[in-house]
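1. turn this into a model:
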Amino acid sequence: MRKLLAAALILGLFGTPASAQDPEKVLAFNEAWGVYAEAAQSGDVSAAIRASKNVLDRGRAIFPDSDERIALLTRNHGAALLAGGDKEAASEHLKDALNRYEDIYGNSSVKLIPVLVEYADANSEPFRPADQLRIYKRALKIVASQYGSDSPEYAELSFRTGKNSYELSRAGWAEKYVRKACDLFEKHYGVPDRRTGMCNVTLGQTQMSDGFFTQSVPYFEKALIPFTDDTDADRSYRVKIRSLLVHSFEESGKQDRATEQLRAIGEDMQDMPEIAMVPIYQVRPEYPEQLRAQGIEGQVVLKLTVDESGFVQDVVVDETIAIENGRRATGSEFKSFDRQAVAAVKRYRYAPRYSSGQPQKTSDVTAKITFALRQGPLVVDALSDKPERPSQPPSPEFRRKQESQTSTAPRR
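-> Numbering: from 1, shown residues only. You can find the predicted model right below:
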């Protein structure tokens, strides 16, 4: 999504319309480009994929195959495919674009870097980060040769290398690149800079995913420093970072410190009553072994009260749904779903509601527990653009399974 928006935002850098011998083909290209630009600006990924393919085809009809604009259009289509999750097709088009850039600019030009970054992410694969790292290393080598390995430019790419490798490939080596980036950001911009703050969030997450909850705390606390403004954006970042602190404190047995963070979240969100009460800290319930063995899935809906400190009280089962052989089933044998759901929810922590600057007890809060046979680990998106509260991060067991973007517009 952000890649597509970035492509649209820099359209003004390439101002002149296409010129070729066939005016109808030129017109068709310019119209196709306009459709793509609109789709990219809107963030509609499906529309951008279709439009980027169409404008690439139209461009091929009027530009020579060796023209830089074909390389740009190919890259845009690859970036759109990557944003849509089709990594295989994205990799194919981005590799084609990279080859074209190399032919035009050489193998060590900084113009290759954005394409290399997208190509690397298109080659990401959970627990198999070798291809992604190989491509990122090439981009880092170019940046180091052009700007220096101690430069802000190197910090930006090192951060992206670590962050994307951590998120997309669950790479164990990602921490090294994030740590390097954080050190450089702090050196060049200082701790109060937002780049330093976001870098520290990712560094804290890598510690958390390894089960080092106590070690993650200083990074999250440092990450809070840049986000002090009384704006929706800064409040959203504070909520995200404090949510991660809650998890670290709960896992470290420091409930009092978790309560401090939960109350701070409640204060930050007291002007956003439209956001539903959802748990900041969750515990995955135990799946009843007998029901698992029988292939039975289920969902339990519970009602509860959240007290002034964010603890759960008065949990009652409102509804239990069991699915056996694809059909809804009822019976006392499914009560084990209820017991496990209640046990898990009693350990949840919420941010308390605030009114007139004071935390309030909130009743009739709904929680849903789903028992799914193929339920995967939950992953935190610590810095999304909306003030939604995150789920719990990956477990240490999940992490131990590991092995040991910006598009551009063509001149027309």
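
2. contacts and neighbour counts: CA atoms only from here.
-> Fine.

3. report the contact partners of residue 338.
-> Residues near residue 338 by Cα atoms under 8 Å, 6 or more residues apart in numbering: 300, 317, 320.

4. quick one: which of those is nearest residue 193?
-> Set against residue 193, the nearest of those by Cα to Cα is residue 300 (44.0 Å).

5. which secondary structure state is assigned to the closest one?
-> Taking DSSP: H, G, I helix; E, B strand; the rest coil as the rule, one finds residue 300 in the strand state.

6. and the residue nearest to it when sequence neighbours are not counted, its phi and psi?
-> In space, and not counting its chain neighbours, residue 300 is closest to residue 320: 4.5 Å by Cα to Cα, 6 or more residues apart in numbering. Note on residue 320: backbone dihedrals following degrees, to the nearest 10 are phi -130, psi 130.

7. for residue 332, see how far away residue 320 is.
-> To residue 332, residue 320 is 11 Å away according to Cα to Cα, to the nearest Å.

8. these two: which is more packed in?
-> More neighbours surround residue 320 than the other of residue 320 and residue 332, with 20 against 6 (other Cα atoms under 10 Å).

9. measure that one to residue 93 for me?
-> Counting by Cα to Cα, the gap from residue 320 to residue 93 is 48 Å.

10. equivalent analysis for residue 304, please.
-> 51 Å.

11. ranges for the helices of the stretch 301-412 of the chain?
-> 335-345, 396-400 (DSSP state H, counting those that start in this stretch).

12. can you read off the pLDDT for residue 407?
-> Looking at residue 407, its pLDDT is 37.

13. for the remainder of this discussion, apply numbering that starts at 167.
-> Will do, 167 is the new start, and the previous item becomes residue 573.

14. contacts only, for the closest residue to residue 523 other than its chain neighbours.
-> Spatially, and ignoring its direct neighbours in sequence, residue 523 is nearest to residue 433 (7.0 Å; Cα to Cα, 6+ apart). Residues counted as contacts of residue 433 (Cα under 8 Å, 6+ apart) are 519, 520, 523.

15. tell me how many other residues crowd the second one.
-> The reference is to residue 520. Neighbours of residue 520 (other Cα under 10 Å): 22.

16. in this structure residue 297 contacts residue 285, no?
-> No - using Cα atoms under 8 Å, residue 297 is not in contact with residue 285; the gap is 9.9 Å.

17. show me which of these two is the more surrounded one.
-> residue 285 (30 against 17).

18. is it true that that one touches residue 257?
-> Yes - taking Cα under 8 Å as the definition, residue 285 is a contact partner of residue 257 at 5.8 Å.
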